[in-house]
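**Student:** Sequence below, structure please.
(chains A and B)
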Protein chains: 2
Amino acid sequence: MTAPATTSPDLDFIFQPRSIAIAGVSARENASFGGGGFVQALQEVGFGGPIYLIHPTAPAIRGLKCYPSLRDIPWDVDYVISSVSAKYVPDLLEDCIEKGTVRVLHLFTAGFTETGEEGRADMERTVVARAREAGIRVIGPNCMGLYVPGSRLAMMPGQIPEAGPVGMVSQSGMNAGEFVRYATPRGVRCSKVISFGNGADLKAADFFDYLADDADTETIVAYIEGIQDGPRLAQAIRRAGEAKPLVILKSGRTEAGSRAASSHTASLAGSVEVFDGLCKQARALRVESLDELVDMAVTFQFVKRLHGPNICVVGAGGGASVMAADDLDVVDLKLPTLLPETQEALAKVTNEAGTSIRNPIDTMSVFEDHGFEATLTPVGQAPNVDAILYHTSFGFGFASRMGDQRGRAERQADGLARAQEQSGKPVVVAIRPSLTPEALEQANYFQEQCYRRGIATYPSIARAGNALSKLLQWQALQD
Amino acid sequence: MTAPATTSPDLDFIFQPRSIAIAGVSARENASFGGGGFVQALQEVGFGGPIYLIHPTAPAIRGLKCYPSLRDIPWDVDYVISSVSAKYVPDLLEDCIEKGTVRVLHLFTAGFTETGEEGRADMERTVVARAREAGIRVIGPNCMGLYVPGSRLAMMPGQIPEAGPVGMVSQSGMNAGEFVRYATPRGVRCSKVISFGNGADLKAADFFDYLADDADTETIVAYIEGIQDGPRLAQAIRRAGEAKPLVILKSGRTEAGSRAASSHTASLAGSVEVFDGLCKQARALRVESLDELVDMAVTFQFVKRLHGPNICVVGAGGGASVMAADDLDVVDLKLPTLLPETQEALAKVTNEAGTSIRNPIDTMSVFEDHGFEATLTPVGQAPNVDAILYHTSFGFGFASRMGDQRGRAERQADGLARAQEQSGKPVVVAIRPSLTPEALEQANYFQEQCYRRGIATYPSIARAGNALSKLLQWQALQD
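**Tutor:** Coordinates of the predicted model:
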């Protein structure tokens, strides 16, 4: 890894640990919640340095040697993950301090301020103060920590080592994990994903600042439940939003949501109006669901820029086409009637009755290689079209009974990528939900062929339309 | 089949054919679009009567004997499906008339009024007039026809013979097929599904009237693109809405949607305001997407009635719980704080820090049989809770590494059904999307265990909440 050019280099060490110790791993080999989950995640992602386990009695777990305490490890350790109960955290911290080489303590451990008990909030403050005094930075408590593919650091099993341009700041470990889990199969690749939980020491503002300067991060997405240190957070969000595309999902908008946020990460949800104003100042895009957050990560990574609201919809199936027109209208996109010359070119390909070549284009010719290309090419050249939205599904109807599904998927993705390149306009794909394992396997394969060729994919026409519309909204904010 | 008690018995014969002839089947055995698709659909669903194929030269296709023309079939035929080109339809109709036993002609054939050509519109009018004169009713043209599981009649491959309480009227064959395809794995079972296309003879109004009186149909869902014969349609929709729950998806709201509707089923989309007023008079529920139409079919079949807006959310994962609160708030549902006695009962089950027992309930105890029941029981008894929403996912995290997934799914479904029965309150399940074939297999198995026990399932917390909210809206319309 080359060192990124950053103006806040003081946090780089957090994302580049050389050796990790994990306290609180169950001796049950298959326990994968808690400490065992981190072991499995790090082994799967291929962490390159040593992983030391701390266990009072077990000699080894998952092939890794165990030590009764951190002080018994005869080598340097710079990064410690705590999965022990909250009451043991002060002792673990003293061990970290005595060890002398520890720079980061990631407290997966919960049971602090978020419980609502004053004694536990006190304990959290004491731990952080003592750590800071000793030069140790704390991530958490009550969080999943870091997924940094470039450093082969993962927070959950199944996370891959392939890195990319999307950085994430998340108050919730679950939502950080869900974001990665849903975004990865659609081709989103991450620079740094940070779950910071209660944010007792390192806070959202620290991570926004870091990602704003991080050369590996081109887009920042964030999940925020509550606001800590409002003025500093506001400043960090403004900086991040000026530096690169910033998409924020703010939950806890409601009384029940606030109650859940408070018991979840000990945070005050804050006023919706204040947060809305802050995002506007920061030119950040607000979204309302994790699905939208994933969709916008896909959009900023693959689509990047859209010149206008005029979409041409291509696919087979009249009902879907009619609904598509309404779905796009709801989000202020347009389906312009294609010009006579475009329609003429299309008429040569699809002359069956019952199809439409005006827009939406509803044609069976998408099922043939030649027909697909002969449909996409004139649409790509149409002066009144800004983007092409192709919709399809798997395991159903005509195409499901054509042989060589994989070859077909590859040729379709080739055709879409060629259309995107030749037209210079975004080509996006809506793959409607699959209902059987076989269909999902085909859909996943097609999806991968698409994103490997730079094509954005969405799980429905409505979500594709919403994402393109939000991209236009974001562009308007920058003007 | 017992004869249903109906006041419009004159259309019963349409749904109970005794023998079917199909014109326009490709000699290619694997051709499954067009006539071949109907053959496959009828064979798969197990149509009990004879199926005759009409082909100029082939001796047999798919194991069925072929005849050069309808007149060459030496047995009675009462139902004819046409997949020949539009220009051959007049001759086919003459054959039907000469045959003397034909009562229904289903024109899958497209290429009539929807092309926008006056000559083809004329031909449609001529065909219908000639058929009516001879006592033959026409379904279509440009439609998929009927799915009637009780009569072992299907419009698309993959449709099952199990019948149930949901009837559908759809202008689009694609959307009728998509509705069945998405609703079936969630336990929705159908009485009659009708795709009527251009509605040249039998129209939406005829089918609303029929389903309003049909004893096998408890709920009617409809997909309407445009309005034909407004006053009669208005009356039929009012009758249907008075007789049973009626859910309508109206597309073609926009200029582009209208254009697509016109080329799709030759219909004028009509004014949104007029249609809105009509639905209000009919006490019908309007929805905006096919997903919502499916969700409401699930809701009316399984949930039926909800006493109030107070929902208790149960699941594992703090981020999901916080988002759940917001998702439900958006659709005007409430997450009441659980009473002290309910919280006390819950505290005995889940005393880990970092979990919440106030509502949403965020607890790992749902992963143990005893913990699951001990969580659901006090919530079911809570006086300030009207329904329980349980959310889960597959292929990820803790549960994905527990053995015996099928047994676990069955025990969880048992627990949910017991809670629903003992509490007398709806228990609904949100299964978040699966990303791998293996996860989808597990999710589908759990989903089936749920609906077999009378539990409604939805693909997200937001969609479950939206459906429950719309059920309350529909109930309010009936007061």
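**Student:** C-alpha from now on. contacts and neighbour counts both.
**Tutor:** Noted.
**Student:** quick one, longest strand in chain A?
**Tutor:** strand A:163-170 (DSSP state E).
**Student:** which strands and helices sit next to that one?
**Tutor:** Strand A:163-170 sits against helix A:173-183, strand A:190-195, helix A:204-213, strand A:219-224, with contacts defined as 3 or more CA pairs under 8 Å, 6 or more residues apart in numbering or on different chains; DSSP states H and E.
**Student:** who wins for proximity to A:S151 among these?
**Tutor:** strand A:190-195 (9.4 Å; CA to CA).
**Student:** need the strands for the stretch 301-450 of chain A, in chain order.
**Tutor:** A:311-315, A:361-362, A:387-392, A:427-431 (DSSP state E, counting those that start in this stretch).
**Student:** Can you tell me which of these is nearest to chain B?
**Tutor:** Closest to chain B of the strands of the stretch 301-450 of chain A, according to CA to the nearest CA: strand A:361-362, at 8.7 Å.
**Student:** okay, and for the stretch 251-400 of chain A, where does confidence drop off?
**Tutor:** A:252-270, A:317-319, A:351-355, A:396-400 (pLDDT under 70).
**Student:** Tell me which of the helices and strands packed on strand A:163-170 sits nearest to chain B.
**Tutor:** Of the helices and strands packed on strand A:163-170, nearest to chain B by CA to the nearest CA is helix A:173-183, at 5.4 Å.
**Student:** the inter-axis angle of that closest one versus strand A:190-195?
**Tutor:** 150 degrees (axes from the mean of the first three to the mean of the last three CA atoms, to 10 degrees).
**Student:** Now helix A:173-183: average pLDDT?
**Tutor:** The pLDDT scores in helix A:173-183 average 93.
**Student:** tell me the phi and psi of the residue of the stretch 101-250 of chain A found nearest chain B?
**Tutor:** Per CA to the nearest CA, A:G111 is where the stretch 101-250 of chain A lies closest to chain B, at 4.5 Å. Backbone torsions for A:G111, taken as degrees, to the nearest 10, come to phi 100, psi 30.
**Student:** Also the one 5 residues further on?
**Tutor:** Recorded main-chain torsions at A:G116 are phi 90, psi 0, according to degrees, to the nearest 10.
**Student:** ok, how many other residues are close to it?
**Tutor:** 13 (other CA atoms under 10 Å in any protein chain shown).
**Student:** any idea how far it lies from B:K348?
**Tutor:** 18 Å (CA to CA, to the nearest Å).
**Student:** again with A:G197
**Tutor:** Counting by CA to CA - A:G197 and B:K348 are separated by 26 Å.
**Student:** And for A:Y451?
**Tutor:** 48 Å.
**Student:** So for the two, which sits in the more crowded spot?
**Tutor:** When A:Y451 and B:K348 are compared for neighbours, A:Y451 comes out ahead with 21 against 11, by other CA under 10 Å.
**Student:** Identify the residues contacting that one.
**Tutor:** A:186-187, A:302, A:457 (CA atoms under 8 Å, 6 or more residues apart in numbering or on different chains).
**Student:** So it belongs to a helix, correct?
**Tutor:** Yes: the assignment for A:Y451 is a helix, going by DSSP: H, G, I helix; E, B strand; the rest coil.
**Student:** Nearest approach to B:M364 belongs to which of the strands of the stretch 301-450 of chain A?
**Tutor:** strand A:427-431 (33.5 Å).
**Student:** Quickly check: the closest one near chain B or not.
**Tutor:** No: judged by CA under 8 Å from any CA of the partner chain, strand A:427-431 stays clear of chain B, getting no closer than 13.1 Å.
**Student:** what's the angle between that strand and strand A:387-392?
**Tutor:** 20 degrees.
**Student:** Would you mind pulling up the elements that strand A:427-431 packs against?
**Tutor:** Checking 3+ CA pairs under 8 Å, 6+ apart, strand A:427-431 ends up next to strand A:387-392, helix A:405-423, strand A:456-458, helix A:461-478.
**Student:** closest to chain B out of these?
**Tutor:** helix A:461-478 (9.3 Å).
**Student:** list the buried ones in the closest one?
**Tutor:** Buried residues in helix A:461-478, counting neighbours by 16 or more other CA atoms under 10 Å in any protein chain shown, are found at A:461-472, A:474-475.
**Student:** For the longest strand of chain A, what is the distance to the chain centroid?
**Tutor:** 6 Å (CA atoms, centre = their mean, to the nearest Å).
**Student:** As CSV, the helices and strands packed on strand A:163-170 with distance to B:E441 would be great.
**Tutor:** CSV is the format used below for those (distance: least, CA to CA, whole Å):
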stretch, distance to B:E441
helix A:173-183, 18
strand A:190-195, 28
helix A:204-213, 38
strand A:219-224, 30
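**Student:** Would you mind finding the most buried of those?
**Tutor:** Among the helices and strands packed on strand A:163-170, ranked by average contacts under mean count of other CA atoms under 10 Å in any protein chain shown, first place goes to strand A:190-195 (a mean of 28).
**Student:** Okay, now the sheet partners of that strand, with direction.
**Tutor:** Using DSSP bridges, the strands paired with strand A:190-195 are strand A:145-147 (antiparallel), strand A:163-170 (parallel).
**Student:** need the contact list for A:T57.
**Tutor:** Counted by CA under 8 Å, 6+ apart, A:T57 has contacts A:P68.
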